Structure formats: C-alpha cells, structure tokens
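>>> fold the following, please.
(chains A and B)
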Amino acid sequence: MNIKTTYSEQELVALLQERNEKAFGYLYDNYSGAVFGIINSIVTDKDIANDVLQNVFVNIWKKIESYDASKGRLFTWMLNIARNASIDEIRSKGFRQSQQNQSLNDNVDFPGASIGPVTEDVGLKKVLANLKSEWRVLVDMSYFQGFTHEEISKILNIPLGTVKTRIRSALSQLRTMIQP
Amino acid sequence: MNIEEYISSGIVESYVLGLASQEERSEFENMCNQYPIVLEARNAFEIALENQAMQNAITPSADVKSKIFNTISSSAKVVSIVEAPVKKINWFKYAAAASVILLAGSLYFNFSLTEKNKKLSGDYTNSLTELNTIKKDIQVLTNKSEIKMASLKGTDVSPQSYTTVYWDSTSHDVYLLINNLPKPPSEKQYQLWAFLDGKPIDIGFISNDYFIKQNSLLVKAKSVQKVQAFAISLEKIGREDVSVPAGEVYVYGGL
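Residues are numbered from 1 along each chain as shown, chains lettered A, B, ... in the order given. Here you go, the predicted model:
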C-alpha cells in the first residue's frame, strides 16, 4: 500500500525532525515490534509494556531534535529511550506494588530470581542465557534492571572493581554472541 | 592499552547499551573520532543489536499506534494554542485600531445624523406651521357662509395684477389672497385700503416678506366694521401719514 516502502535512515531522521507524521507512521510500523521486544524483556506485564511503548514513541516524536547521528544509529537511540522508560516503570512505586500483588514469590529475592533458569526469555535475554551465570546476573541487573555498579556491588556484596570488570567482560562476550 | 584491546574491553557494548558512565562515553566518542576502527566496531555492534532486536520483535497491541497518533496530534494542537497569544496581541492591535476608526466614524456619523435630525425637525415644524396656516385659510374661504368676497382687478398702473379679499361680515376679519402682484422694490410696500362712502380706511400693510417667502396663502388685514370696496396701493416705507394713500393704486374692487 505504501508508495515508498523504505527510507534511508538519514531521510527518515530528516523527515521526523520536520514532524512528518507519515514518516513517523513508517518508523512505528517498522520498529515498534523490536522496541516492544526490548520493553518486554524488562517489563513483564503486557498491558504495562504497551503503555510504556506508547510513551516511548511519544517521546521519540517529542525528542527527535535531540537525536545526534554522530553518536549512534537511530535504532540505538530509540532502544535506549525504551530501556530507560522500562526501568523507570519497574522502579516506579505503582509497578512494584502491582508486581507484589500478582506474584509475591517471584520477586522477593530478585537477584536469585534472575539467576535461575527462565524459559520465557527472548531476545537479548536469550543471548544472556549463554553467558556464565556470574556474568549473566551482573548484566541482567545492570542492563535489564537498571542498577548502578555501586548498587550491584552492595546487593551482591562484590567489590565495585570486580563488578565493573565482570560486566565489561560479559558485554565483550555479548558482542561476539549476538553477531550473526 | 592498544586499540584492539580497547575495542574488545567491552566499552563498545557498554556505550551502545547505555551502560557507560559519562566519563567513559566522552572518552569513547573521542576514540571514535580518532580511530575509524573504533567507530566501525561501534557501528557493527549497533547493527548486530538492531538485527537481533528485529528478529525478536513482539507485536504490540493494535490500539497503541492510534493512541500515539492521538497524543502527538493533540500535542501539536497544544503548540498552536501556545502560539496563539502572540497572534492575539497583533490581532488586538488591529482590532483596537479598527475600533478607534469605527468609533471615530460612528461619532461623525452620529454627529451628522444629529445635525440632519435637527434640520429635519426644524423643517417639519415649519412645514406643520405652514400646513396649519393653509388649513385655517381654507376654512376661512370655504366653511363660513357669512364670508363675502371682493375681486380686486389691476388698474392702469398694473393691468396684470389681481387679488381677492374675503371679508367676514360677522367677525369683520379681512383676508387677502394675492393672486398676482408684482414684487415691490425694497424701499416700498403695499398698503391695503377699505373704502366706506368713498373714504379710504387703512387696514394694514402687506409685509414684503410675503413676496420673498411666499409661505402663506392668505394675508390677514385689520378688521373693518363696514366696507364697500377694497384697494391696494404701493407706498414708500416710513412715510409720515399712513392714514391716506399717497402712492399709486395697483388693484381695486367693490364688494
């Protein structure tokens, strides 16, 4: 149906910065699934994840001027907006309460919960499953739960330097693992 | 640390995934500018991440897209509302200027209307007065059976002249209808005479205004008890003895 089915990333960014709603529709149609996948790896509640997706795309529309192509690809920028929004959501009081009401057991000892085998993992989390467990928990806490290195150091009672080194090592492995 | 080691240290992933500290980010951006191989590594990981995310896409609820577009459309409206006051100021300026012009125009219009009304009102009063006079005159001429009429015909001095006198035998009032009399020179005026037993009786002057304005049908003269004939003479204004005619007689007629 679309007259023009693809835009180069440059064209797309230029159109979005001109507030072109058609280009924004194209962006949504092509990337909402991938962005929603990332959101789902952090926010497990589907309804809340849909709300987060909505906010993420509204923010993409509002903040498109601040996108700087020299610092990364458009998708990377969108992905980081989605991750930050998702972490903000799971850290919000409302979300924590709703999670406690639903499944008290799953989240009581949250670091351990991430260590255990999780069959539903998809995407980046699935990739994470191939990491050594001591690395995986660090990446999970860092990337999917948004803990700072200092927080992880305290929670897991591991020296800060070790946390940093392990996360770096885990991430360097991640690169080789997700590359096709 | 050499570049290879730097690239494989995990900084690329850390930066792309948004896990690097501000310090690390600045350093990495500098490295990207200096070493194309670092930028290449970053780009490669970004593409790998994007592909991986695309392969693991999850379809969101169908209503999310319309919700997003409703939100961005309404935020566009908010923007236009925010812009509105700026335009409003201009609008007010023009509106104010326009209303001053309208007010001035209206005041002038009102003023000229008032003037017109005054003039019309005056004209109306005058017309009404004239009409009432004529009505009265017509009553005099038509309604009273005791009215006697005398036709005064032009003398040799002015053969074209012709006037009519109505005498009320009961009230003794005298009315003059000037059918045709030449306009007198400014230093002269007509005088009306009643004749009884051959002797003239002064029954008044005809104001020269009559010939200028010509706004009455009848001229009222002084009352006379008994009368046999009437005459009109043209006399100099301000002569000493007005009880006897001194000038030429223009019209004469018996009752």
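
>>> so where's the chain uncertain?
You didn't say which chain, so I picked chain A. Counting by pLDDT under 70, chain A shows low-confidence ranges at A:1-5, A:93, A:95-122, A:179-180.

>>> try again with chain B
Residue ranges of chain B with pLDDT under 70: B:74-92, B:140-144, B:214-217.

>>> strands along that one, start to end?
All strands of chain B, identified by DSSP state E, fall at B:147-154, B:162-168, B:174-180, B:188-196, B:199-206, B:218-221, B:229-236, B:248-254.

>>> give me the angle between the second one and strand B:188-196.
Between strand B:162-168 and strand B:188-196, the angle formed by their directions is 50 degrees, by axes from the mean of the first three to the mean of the last three Cα atoms, to 10 degrees.

>>> re earlier: what about the strands of chain B, which gets the closest to chain A?
Counting by Cβ to the nearest Cβ, chain A lies closest to strand B:218-221 out of the strands of chain B; the figure is 91.3 Å. The C-beta positions use only the backbone N, C-alpha and C, and glycine is treated the same way.

>>> helices or strands next to that closest one in the packing?
Applying 3 or more Cβ pairs under 8 Å, 6 or more residues apart in numbering or on different chains; DSSP states H and E, one finds that strand B:218-221 makes contact with helix B:64-142, strand B:174-180, strand B:199-206.

>>> just those: most buried one?
Among these, ranked by average contacts under mean count of other Cβ atoms under 10 Å in any protein chain shown, first place goes to strand B:174-180 (a mean of 19).

>>> follow-up on the earlier one: need the helices and strands packed on strand B:218-221 in TSV (columns: distance to chain A).
Listed next are those as TSV, based on distance: least, Cβ to the nearest Cβ, whole Å:
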stretch	distance to chain A
helix B:64-142	5
strand B:174-180	93
strand B:199-206	95
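
>>> any chance of these in TSV, plus distance to residue A:12?
As requested, the helices and strands packed on strand B:218-221 are exported to TSV (distance: least, Cβ to Cβ, whole Å):
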stretch	distance to residue A:12
helix B:64-142	16
strand B:174-180	104
strand B:199-206	106
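
>>> nearest to residue A:90, of those?
Closest approach to residue A:90 among these is made by helix B:64-142 (19.0 Å; Cβ to Cβ).

>>> what's the angle from that closest one to strand B:174-180?
110 degrees.

>>> does anything pack onto the helix of greatest length in chain A? Which helices or strands?
Assignment by DSSP state H gives helix A:21-42 as the longest helix of chain A. Contact analysis of helix A:21-42 by 3+ Cβ pairs under 8 Å, 6+ apart lists helix A:9-17, helix A:46-63, helix A:74-91, helix A:123-128, helix B:36-55, helix B:64-142 as its packing neighbours.

>>> kindly reformat these as CSV containing distance to residue B:174.
Formatted as CSV, the helices and strands packed on helix A:21-42 follow (distance: least, Cβ to Cβ, whole Å):
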stretch, distance to residue B:174
helix A:9-17, 106
helix A:46-63, 105
helix A:74-91, 115
helix A:123-128, 128
helix B:36-55, 124
helix B:64-142, 10
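
>>> picking up where we left off before, which one of the strands of chain B lies nearest to residue A:150?
Among those, strand B:218-221 sits nearest to residue A:150 (Cβ to Cβ), with 123.1 Å.

>>> check what contacts that closest one and list those residues.
Identification of contacts with strand B:218-221 by Cβ atoms under 8 Å, 6 or more residues apart in numbering or on different chains yields B:137, B:140-141, B:165-166, B:173-178, B:192, B:203-204, B:206-207, B:210.

>>> ok, 7 Å please
B:137, B:140, B:174, B:175, B:176, B:177, B:178, B:192, B:203, B:204, B:206, B:210 (Cβ atoms under 7 Å, 6 or more residues apart in numbering or on different chains).

>>> now whichever residue of the stretch 1-150 of chain B sits closest to chain A. Nearest residue, chain neighbours left out?
Using Cβ to the nearest Cβ, the point where the stretch 1-150 of chain B gets nearest to chain A is residue B:57, with a distance of 3.0 Å. Excluding its sequence neighbours, the residue lying closest to residue B:57 (Cβ to Cβ, 6 or more residues apart in numbering or on different chains) is residue A:33, at 3.0 Å.

>>> give the contact list for the closest residue to chain B within chain A.
Residue of chain A nearest chain B, by Cβ to the nearest Cβ: residue A:33 (3.0 Å). By Cβ under 7 Å, 6+ apart, residue A:33 lies in contact with B:57, B:58, B:59.

>>> kindly recompute the last result at 10 Å.
For residue A:33, the contact set (Cβ atoms under 10 Å, 6 or more residues apart in numbering or on different chains) comprises A:53, B:53, B:54, B:56, B:57, B:58, B:59, B:60.

>>> let's see if you can find the most crowded of those.
With neighbours taken as other Cβ atoms under 10 Å in any protein chain shown, the top of the contacts of residue A:33 is residue A:53, carrying 29 neighbours.

>>> what sits against that one?
Counting by Cβ under 10 Å, 6+ apart, residue A:53 makes contact with A:28, A:32-33, A:35-36, A:38-40, A:43, A:82, A:85-86, B:58, B:60-61, B:64-65, B:67-68.

>>> tell me how chain A divides into domains.
Residue ranges for the domains of chain A, per automatic domain parsing: A:1-103, A:109-180.

>>> JSON lines for those, including distance to residue B:145?
Output for the domains of chain A, formatted as JSON lines (distance: least, Cβ to Cβ, whole Å):
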{"stretch": "domain A:1-103", "distance to residue B:145": "101"}
{"stretch": "domain A:109-180", "distance to residue B:145": "125"}
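
>>> for residue B:108, which of these is the nearest?
With Cβ to Cβ as the criterion, residue B:108 lies closest to domain A:1-103 of the domains of chain A, at 50.2 Å.

>>> quick one on the thing from earlier: quick one: closest of the helices and strands packed on strand B:218-221 to residue A:173.
helix B:64-142 (34.1 Å).

>>> ok, the closest residue to residue B:173 other than its chain neighbours - contacts?
Among residues not flanking residue B:173 along the chain, residue B:223 sits closest, at 5.6 Å (Cβ to Cβ, 6+ apart). Taking Cβ under 10 Å, 6+ apart, we find residue B:223 in contact with B:167, B:168, B:171, B:172, B:173, B:174, B:194, B:203, B:204.
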